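> pasting the sequence and the predicted coordinates here, then a few questions.
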Amino acid sequence: MEALFGIVGTLLGSFIAWLTSDRHAKMQLTLELHREFNSGEVLKSRRPADRVFAQYMDKTYDQFSPLLEAEEYSHIWNVINFYQRLWIAIKHKQLVNGMIPDLFGEVFMRWYIPYFQKMIVPYPQGWSVGNNIEELKNWFERYSDKSSFEQWIELGRQDRENIMKRIGFIN
């Protein structure tokens, strides 16, 4: 009987240790992705990517990508690939879901509404990036606080309108 309690105790202890280390690893990766977005290559690419997208916001990716210089192409793909990686990590349950809306939701929607929705989501068939971006938007809609999500949508719409005014698409 003592041996049985010892085995159960060992298994329970191992399970608790695994849960704790798994949660810690997910939290570390979540925070690491947030750091990546706010430093390094992604941060360096955000403003130039914003300018490129704004310049071509009346076109789809297929229409404007042949017009891009290599550096412009790199900048937009640094941003797009970041969000694709974020979605893949969420999809494969590698992150702390409760932290994701607070860390990424508003900024994502401020890229999604003005740019991704009309330029990247209708990506050519067979390419996963458009679907990944759309699935990420759908995830935020399902798992974010409803009022926060609605506010992010409105901020994204305002950003789109302001960009379109700035570049002369509307008065």
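Noted; the coordinates are in hand. Predicted model, so just to flag it, every value in this text is computed and none were measured.
> use CA for all of it now, contacts and neighbours both
Will do.
> quick check: mean pLDDT of the strand or helix carrying Trp139?
Element membership of Trp139 [criterion: DSSP states H and E] is helix 128-143. Averaging the model's pLDDT scores along helix 128-143 yields 96.
> likewise for stretch 29-46?
Confidence over stretch 29-46, taken as the mean pLDDT, stands at 93.
> report the distance from it to the chain centre.
Centroid displacement of stretch 29-46 relative to its chain, using Cα atoms, centre = their mean, to the nearest Å, is 11 Å.
> what residues does it touch?
Applying Cα atoms under 8 Å, 6 or more residues apart in numbering, the contact partners of stretch 29-46 are 74-76, 78-79, 82, 86, 94-96, 99-100, 103-104.
> mind redoing it with 6 Å?
For stretch 29-46, the external contacting residues (Cα atoms under 6 Å, 6 or more residues apart in numbering) are 75, 78, 95.
> now do the buried residues in the helix or strand encompassing Lys165.
Assigning secondary structure by DSSP H and E places Lys165 in helix 146-166. Under the neighbour-count criterion of 16 or more other Cα atoms under 10 Å, helix 146-166 has 149, 152-153, 155-157, 159-160, 162-164 buried.
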